[in-house]
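Trainee: using only what follows, build the 3D model:
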Amino acid sequence: MTTIQTNRSSHPQDTYSPHQISELEYWEKYYNTPDIIYEWDTVRKKDEYAKAGVKEFYILDANRERTQFFRLNKAQCVYKAIKPQKGGIIKSKVLPGFQFRIDDLFTKPSPDEMINDKVYQDFVLPGYLMEKRARLLAEKRARLAIQEAEQRIEQLAEQLRASGVEPVLKHKNGN
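Mentor: Sure thing, here's the model as predicted:
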C-alpha cells in the first residue's frame, strides 16, 4: 500500500522537476501507483489520479468548503463521491477497518475521547488503548502492594507489642 501527501515532501529523493515528468508519473515510475492520495489540488489532479488507478481520493479543506471524499469507479475510470454513513462516517474500502467521522477532522478529539468512541477504537488507537490499560493495571497493582505492605507492617507491629516492645512507626510523610 502506498500513500502520498503531495506538495509537502521533505525528502530530497521525493522531489521532481515539473518540466521532466508529472508528480504522479514520478510516483508511478519509482513507487508504483499509490492507493490513496491526500491532495491539495482539487481540480487538475483528479482525472490524472483516476486514469492512474488511485482507488480513493480525499480532499481536505480546513474551511470545510471543499472537503470531499471520492472512490474510483474502475469501469468508468471516474471518481464517485463517497456517501457518508450514519453519523457522517466515511469508511475506506482500501484500508479495511479505517473509518472516521467527518466532523472530527475539524473538531480534533483528544486520544482519550477517541479511545471511548467505537468509530476509532479498533483501528486508530489500539496501541494507545493497550498502553492505557497496562498503566491502569500497573497503578492498581502498586496500590494493592502498598496496602499489603501496610497490613504486613501492622502485623509486625502487633507482634512487637505482644513481645513488650513498642514499635516506632514512620508514616508516609516521614513523621
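
Trainee: which SSE is Ile90 in?
Mentor: Assignment of secondary structure by DSSP states H and E places Ile90 within strand 89-91.

Trainee: which neighbouring elements make contact with that strand?
Mentor: Judged by 3 or more C-beta pairs under 8 Å, 6 or more residues apart in numbering; DSSP states H and E, strand 89-91 is in contact with strand 99-101. To be clear about C-beta, it is placed using only N, CA and C from the backbone, and glycine gets the same treatment.

Trainee: ok, Leu129 to Gln121 distance?
Mentor: Distance of Leu129 to Gln121, given as C-beta to C-beta, to the nearest Å: 7 Å.

Trainee: in the strand holding Ile90, what's buried?
Mentor: Neighbour counts over strand 89-91 (16 or more other C-beta atoms under 10 Å) mark Ile90 as buried.

Trainee: quick one: buried residues of the longest strand belonging to the chain?
Mentor: Longest strand in the chain by number of residues, with DSSP state E as the criterion: strand 68-73. By neighbour count on 16+ other C-beta under 10 Å, the buried set for strand 68-73 is 69-72.

Trainee: partners of that strand in the sheet?
Mentor: Partners of strand 68-73 in the sheet, by DSSP bridges, are strand 56-59 (antiparallel), strand 78-81 (antiparallel).

Trainee: between those strands, which one is closest to Phe106.
Mentor: strand 56-59 (13.9 Å; C-beta to C-beta).

Trainee: alpha carbons of the closest one, as CSV, please.
Mentor: What follows is strand 56-59, C-alpha atoms only, in CSV (Å, rounded to 0.1, in the frame of the first residue of the first chain):
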residue,chain,number,x,y,z
GLU,A,56,-9.6,6.7,-3.1
PHE,A,57,-9.1,10.4,-3.3
TYR,A,58,-9.7,12.7,-0.3
ILE,A,59,-9.9,16.5,-0.5
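
Trainee: which residue comes closest to Ile59 once chain neighbours are left out?
Mentor: Computed as C-beta to C-beta, 6 or more residues apart in numbering, the closest residue to Ile59 that is not its neighbour in sequence is Gln68, at 4.5 Å.

Trainee: do you know how far the one you found is from Phe106?
Mentor: 14 Å.
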